[in-house]
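**Student:** fold the stuff below for me.
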Amino acid sequence: YELSLKSRMDPTANILRSINTRARNAQARMIFAEGDDPRVLRAAVMYQRNGLGEALVVGREADVKKKLEAAGLGDAVGELKVVNAANTEHLDEYKAFLYNRLQRKGMDQHDIHRLAARDRHVFSALMLAHGHGDALITGATRKSAHVLELINHVFDADAAHGAAGVTALIHKGRIILVSDTLVHEWPDEEDLANIAERCAEVARDLGLEPRVAFVSFSTFGYPVSERAEKMHVAPKVLAQRGVDFEFDGEMTVDVALNARARENYPFAKLTDNANILVVPARHSASISVKMMQELAGATVIGPILIIWFGIGPVVAALIVFLMCFFPILVDSMSGFRAVDPRLFYISRSMGATRWQSFWKFRLPAAMPAIFSGMKIGVVKAVEGVIIAEFIASNKGLGFMIMQASSFMDMSLMFAGLIAAAIVA
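**Tutor:** As a prediction, the model looks like this:
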């Protein structure tokens, strides 16, 4: 009842609780790059104590201990894992990787050592690139543009490689995503369509059903302007791609966020107010976000840098493969070992080769065990798909169950569980 009441009083409570639930399920190793900042250290302690995953703090052990004690968190010194160039066993691996990327960009071995060993942003990005962490939080002590420049030493986090920056605004019970606030200086229509797709994935990860508005100073072609043309063309690019979320534009911000203003355009495709605003350029996105923060008191999260690694079908297929492979392997091996060895000796005495022996009697004799393993594998495959939807997807039965649980929608959750039981 308490959760239901909070949800009615604050519509964002459901979404924030959903984010918290997904974070607990993910148990990510979170890299906190700026271990010399008390705010970052408090966040790292809260992250770990709330059971969201493992906090990896980048910094000197003595500095981290001193800052924690000064912040009244001396008891957390032993809880956090502090990582730096001096105590990692991967520094040489990091330097070799970085030198391979930057050797033809004016960087020598000394420059590489300075970056990898002395710059905590680069060091943290190298940790992430080598799978020694699952996500990276940085930018608390330096400007976003400078941090992005450093990260680009390690990743191709630029417009040409599909990266995008999105900022979340929380205000009056609504969450609005604004993009691109970090990467694209002046995106064209193809870039804008890419940004919209990236933001739609983020929205679904937050438990939102994406509704994208390409915003401008004009609405559906009026007033006519060369500057607004790309915002007019971008929805057509998305339509050609056949995306599975709502989008429309170009339109002014009030039309995108106000149903009454949208009544003047009955042909508009948005069924509700937009929750993703794709803006014409980085400067307009930055101005809009900072104005909302200062004048309206909106809570700002981000900017979040999206580098497209691609969760979803590939990860799900890998999980299903791992779930199915070992039962089939074990039963197949048992079947081959159960074949009477005398049959093998008889076939060899009659001049059969190893492959002829295998195909003529060993494989047929083992087939019952192989099919038995495959029967188990079929069940495991269904379980694997549902597990994959829990941890690495933003759609499907597993995702629906998790979302229903976080939103306290018991009827939908049990319907999902019953459907999963029937399928399995």
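**Student:** wait, doesn't residue 208 sit right on residue 170?
**Tutor:** No: with contact defined as Cβ atoms under 8 Å, residue 208 does not count as touching residue 170 (12.0 Å). Quick note: C-beta positions are derived from backbone N, CA and C, even for glycine.
**Student:** neighbour-wise, which of the two wins?
**Tutor:** residue 208 (19 against 16; other Cβ atoms under 10 Å).
**Student:** do you have the strands of the stretch 201-350 of the chain handy? List them.
**Tutor:** 211-215, 246-251, 276-278, 299-306 (DSSP state E, counting those that start in this stretch).
**Student:** and residue 211, how far from residue 169?
**Tutor:** As for residue 211, its distance to residue 169 is 15 Å (criterion: Cβ to Cβ, to the nearest Å).
**Student:** go on, residue 338?
**Tutor:** Using Cβ to Cβ, residue 338 is found at 64 Å from residue 169.
**Student:** try residue 126
**Tutor:** In terms of Cβ to Cβ, residue 126 sits 32 Å off from residue 169.
**Student:** repeat for residue 196
**Tutor:** Between residue 196 and residue 169 the computed distance is 17 Å (Cβ to Cβ).
**Student:** and residue 86, which of the three is it?
**Tutor:** Look at residue 86: counting by DSSP: H, G, I helix; E, B strand; the rest coil, its state is coil.
**Student:** residue contacts, it?
**Tutor:** residue 60 (Cβ atoms under 8 Å, 6 or more residues apart in numbering).
**Student:** pLDDT score assigned to it?
**Tutor:** pLDDT, residue 86: 91.
**Student:** check residue 103 too.
**Tutor:** 89.
**Student:** and for the one 4 residues further on?
**Tutor:** The score at residue 107 is 90. That number is its pLDDT.
**Student:** what is the neighbour count of the closest residue to it other than its chain neighbours?
**Tutor:** Counting by Cβ to Cβ, 6 or more residues apart in numbering, residue 99 is the residue found nearest to residue 107 once chain neighbours are left out, at 7.2 Å. For residue 99, the tally of surrounding residues (other Cβ under 10 Å) stands at 17.
**Student:** for residue 381, same thing?
**Tutor:** Residues near residue 381, counting by other Cβ under 10 Å: 17.
**Student:** ok, residue 292 next?
**Tutor:** So residue 292, with other Cβ under 10 Å, has 18 neighbours.
**Student:** in contact with it, which residues?
**Tutor:** By Cβ under 8 Å, 6+ apart, the neighbours of residue 292 are 169, 171, 298, 300.
**Student:** identify the bridge partners of the last one.
**Tutor:** Read it as residue 300. As for beta bridges, residue 300 partners with residue 169 under DSSP bridges.
**Student:** buried sites along the strand or helix carrying the residue nearest to residue 107?
**Tutor:** In this structure, residue 99 sits in helix 91-102 according to DSSP states H and E. For helix 91-102, burial by neighbour count (16 or more other Cβ atoms under 10 Å) applies to 91, 94-95, 97-99, 101-102.
**Student:** closest to residue 21 among the residues you listed?
**Tutor:** Ranked by distance to residue 21 (Cβ to Cβ), the buried residues of helix 91-102 are led by residue 94 at 33.9 Å.
**Student:** tell me how far the closest residue to that closest one other than its chain neighbours lies from residue 98.
**Tutor:** Leaving aside its chain neighbours, residue 94 sits nearest to residue 126 (4.2 Å; criterion: Cβ to Cβ, 6+ apart). Applying Cβ to Cβ, the value for residue 126 to residue 98 is 7 Å.
**Student:** enumerate every residue touching the spatially closest residue to residue 417 that is not a sequence neighbour.
**Tutor:** Ranked by Cβ to Cβ, 6+ apart and with sequence neighbours excluded, the top spatial neighbour of residue 417 is residue 401, at 6.3 Å. Residue 401 makes contacts with 390, 413, 416-417, 420, as judged by Cβ under 8 Å, 6+ apart.
**Student:** pLDDT (mean, whole number) over the helix or strand encompassing residue 401?
**Tutor:** Using DSSP H and E, residue 401 sits in helix 397-406. Helix 397-406 shows a mean pLDDT of 65.
**Student:** do a quick rundown of the helices in the stretch 51-200 of the chain.
**Tutor:** Ranges of helices in the stretch 51-200 of the chain, per DSSP state H, counting those that start in this stretch, are 61-70, 91-102, 109-118, 120-129, 144-151, 189-205.
**Student:** compare those and give me the one nearest residue 383.
**Tutor:** Nearest of these (Cβ to Cβ): helix 189-205, 23.0 Å.
**Student:** what ranges in this structure fall below the confidence cut-off?
**Tutor:** Scanning the chain for pLDDT under 70 picks out the ranges 1-18, 299, 301-319, 322, 387-396, 399, 402-409, 423-424.
**Student:** look at residue 126 and residue 169 and report which has more neighbours.
**Tutor:** Shown here are residue 126 and residue 169; by other Cβ under 10 Å, residue 126 has more neighbours (26 against 20).
**Student:** isn't the more buried one up against residue 150?
**Tutor:** No: using Cβ under 8 Å, residue 126 is not in contact with residue 150; the gap is 10.8 Å.
**Student:** quick one, what contacts the residue nearest to residue 107?
**Tutor:** Counted by Cβ under 8 Å, 6+ apart, residue 99 has contacts 107, 109, 112.
**Student:** PyMOL command for the buried members of those?
**Tutor:** In PyMOL, this line selects whichever of the contacts of residue 99 come out buried by 16+ other Cβ under 10 Å:
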select buried, resi 107+112
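**Student:** residue contacts, residue 82?
**Tutor:** By Cβ under 8 Å, 6+ apart, residue 82 lies in contact with 35, 57-61, 64.
**Student:** dump those residues into TSV; add neighbour count and distance to residue 24 as well.
**Tutor:** Formatted as TSV, these follow (neighbours: other Cβ atoms under 10 Å; distance: Cβ to Cβ, whole Å):
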residue	neighbour count	distance to residue 24
35	26	24
57	28	20
58	25	24
59	22	26
60	16	30
61	16	28
64	22	25
